[in-house]
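**Q** What would the 3D arrangement of this be:
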Amino acid sequence: MMEGTFTISTAQTFATNWLVENIDAFQELHPTLSVRLETTQRLAAFNTEDVDVAIRGGHGPWQGLERHLLVAADFTPMLSPRLADTIGGISTPEDLLKLPLLDLGDPWWTIWFGAIDIKIDSDDRPPMAKLGGQSMLARAAIAGRGVAMLTPALYRTELEAGLLLKPFERTEADGLGYWLVYPEGRRNAPKIRAFRDWILRSLQEEEAGRKSR
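**A** Numbering: from 1, shown residues only. Prediction:
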């Protein structure tokens with residue numbers, strides 16, 4: 001039976017939209033292990049910090065670290081159904097351009113619209129505050145502030161509850177993902193192995209259950 005502290009340094013978006021809702025299942029499997037989450041956008045320094053594993057958003061690889069892809073960060077425009085109703089609904093991608101686009105400087109906008117040969121002229125759009133991470137963008141979209149470019153896999157609860165609308169099935173990707181990482185030399189540490197096996201299995205079962213509906 002494993003004892004002691006198990007510290008997970010995690011990107012805020014993944015923590016908010018998956019890990020916080022599921023970590024109790026891991027804790028129940030290992031009741032004598034004290035699980036601690038540290039939510040940060042900063043990359044954990046394994047050689048100087050008391051961190052066992054990290055969940056990073058990025059492309060990787062990272063020197064000296066094992067990595068396992070948890071969620072591929074594909075992206076598509078999403079918005080509040082109420083905001084869509086203000087222009088009579090969203091039928092075509094061009095309809096999105098009638099609404100405020102959140103964090104327009106994000107290259108995901110150029111990639112998604114560029115794939116269908118639509119150019120966004122940011123000079124013709126009013127300036128807006130840069131909100132940062134996806135979790136902040138999602139909250140702003142739910143509040144009706146504008147259209148956000150988000151990763152659908154991280155907002156299934158909000159989509160099913162009708163808080164967010166995904167008007168188009170098409171997604172794009174630039175290789176970004178959320179990865180479980182830890183030092184190569186610690187790959188066989190019992191608590192790291194237990195967490196790795198649990199989170200990969202949980203995500204696989206979740207995806208399999210969704211496909212079987």
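
**Q** Scan this structure for its longest helix.
**A** The single longest helix within the chain, with elements called by DSSP state H, is helix 190-211.

**Q** which helices and strands sit right next to that helix?
**A** Taking 3 or more Cβ pairs under 8 Å, 6 or more residues apart in numbering; DSSP states H and E as contact, the helices and strands that helix 190-211 lies on are strand 4-10, helix 20-29, strand 53-58, strand 65-72, strand 177-183. Glycine gets a C-beta too; all of them are placed from N, C-alpha and C.

**Q** okay if I get the ones you listed as CSV plus mean neighbour count and distance to G88?
**A** Below are the helices and strands packed on helix 190-211 laid out as CSV (neighbours: other Cβ atoms under 10 Å; distance: least, Cβ to Cβ, whole Å):
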stretch, mean neighbour count, distance to G88
strand 4-10, 19, 40
helix 20-29, 13, 35
strand 53-58, 22, 35
strand 65-72, 17, 33
strand 177-183, 22, 36
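
**Q** Kindly reformat these as JSON lines containing distance to T39.
**A** Converted to JSON lines, the helices and strands packed on helix 190-211 look like this (distance: least, Cβ to Cβ, whole Å):
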{"stretch": "strand 4-10", "distance to T39": "6"}
{"stretch": "helix 20-29", "distance to T39": "9"}
{"stretch": "strand 53-58", "distance to T39": "10"}
{"stretch": "strand 65-72", "distance to T39": "16"}
{"stretch": "strand 177-183", "distance to T39": "13"}
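
**Q** Make a markdown table out of those and add mean pLDDT and distance to N47.
**A** As requested, those are arranged in a markdown table below (pLDDT from 0 to 100; distance: least, Cβ to Cβ, whole Å):
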| stretch | mean pLDDT | distance to N47 |
| --- | --- | --- |
| strand 4-10 | 94 | 13 |
| helix 20-29 | 94 | 25 |
| strand 53-58 | 91 | 13 |
| strand 65-72 | 93 | 11 |
| strand 177-183 | 95 | 8 |
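
**Q** Of these, which is nearest L203?
**A** L203 lies closest, by Cβ to Cβ, to one member of the helices and strands packed on helix 190-211: strand 65-72, at 5.9 Å.

**Q** Who are the contact partners of F195?
**A** Residues near F195 by Cβ atoms under 8 Å, 6 or more residues apart in numbering: 6, 8, 26, 52-53.

**Q** Just the pLDDT for it.
**A** F195 is assigned a pLDDT of 97 by the prediction.

**Q** same question, the one 10 residues further on
**A** The predicted structure scores E205 at 90 on the pLDDT scale.

**Q** what's the burial count for it?
**A** 10 (other Cβ atoms under 10 Å).

**Q** Over to V35?
**A** Neighbours around V35, by other Cβ under 10 Å: 16.

**Q** who are the neighbours of the helix or strand hosting it, in terms of helices and strands?
**A** Using DSSP states H and E, V35 sits in strand 33-39. Applying 3+ Cβ pairs under 8 Å, 6+ apart, one finds that strand 33-39 makes contact with strand 4-10, helix 20-29.

**Q** The residue nearest to T110 when sequence neighbours are not counted: what's it in contact with?
**A** Spatially, and ignoring its direct neighbours in sequence, T110 is nearest to I120 (7.0 Å; Cβ to Cβ, 6 or more residues apart in numbering). Going by Cβ under 8 Å, 6+ apart, I120 touches 97, 101, 104, 109-110, 113.
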